[in-house]
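S.K.: Show me how the following folds:
(chains A, B and C)
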Amino acid sequence: MPAARSARRYWLVKSEPDSFSFHDLLAAKGRTTCWDGVRNYQARNTMRDDMKKGDLVFFYHSSTDPAAIVGIAEVTREAYPDHTALDPADSHFDPKSKAESPTWWMVDLKAVTTLAQPITLAQLRGVKGLEKMVLLQKGSRLSVQPVSGKEWEIITLL
DNA sequence: GCCAACGTTGGC
DNA sequence: GCCAACGTTGGC
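M.R.: This is a model prediction of the structure:
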């Protein structure tokens, strides 16, 4: 038997809906996609080291009006190498990444729930208890980020 | 479209 | 190791 897993953790991923929307995730095979193309080390570390199968993820639409959390997804596969970094034809190609020692990693995400009503960024900014949420920090642009258990509870109860 | 904030790169 | 220059993110 594997050791008892630690408590489920919570995350938030950003996507520009013009590139890949929550609707696109719902339409994907198995409602699942690999979260490729992340090229930020902090976000990479989160995916490679911290996101575990069964963790839940807010799916956030950025650079759109209004920016908002639109759905919930689940981690269904833990970190594996991001193949797009090794493909010269891919826009996310990174010549410094090697197959034998990948620089970039990704997880699989599966759509779980569409929010009946998107929760907008402006709305989140007014919610007590979310003052320290990474998403709401000035200048925050991390595309894969942690959400505390308390923050998750507050938001899902809105 | 603007631009502030941020991460990365590269010269020194 | 510093830091200016650059490219990107993402709200507005």
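
S.K.: residue boundaries of the strands in chain A?
M.R.: With DSSP state E as the criterion, chain A has strands at A:10-15, A:32-34, A:56-61, A:68-81, A:105-120, A:144-147.

S.K.: Check what contacts the shortest one and list those residues.
M.R.: When you say that, I think you mean strand A:32-34. Identification of contacts with strand A:32-34 by C-beta atoms under 8 Å, 6 or more residues apart in numbering yields A:20, A:24, A:25, A:76, A:77, A:82, A:106, A:107, A:108, A:109, A:110, A:111. Glycine gets a C-beta too; all of them are placed from N, C-alpha and C.

S.K.: Now the two most distant members of those residues.
M.R.: Within the contacts of strand A:32-34, A:82 and A:111 form the most distant pair, 20.2 Å apart (C-beta to C-beta).

S.K.: Nearest to DNA strand B within chain A, name that residue for me.
M.R.: Using C-beta to the nearest atom of the strand, the single residue of chain A nearest to DNA strand B is residue A:139, 1.9 Å away.

S.K.: May I have the phi/psi pair for that residue?
M.R.: phi 80, psi 0 (degrees, to the nearest 10).

S.K.: What is the neighbour count of it?
M.R.: For residue A:139, the neighbour count with other C-beta atoms under 10 Å is 4.

S.K.: got it, and residue A:128?
M.R.: Look at residue A:128: counted by other C-beta under 10 Å, it has 6 neighbours.
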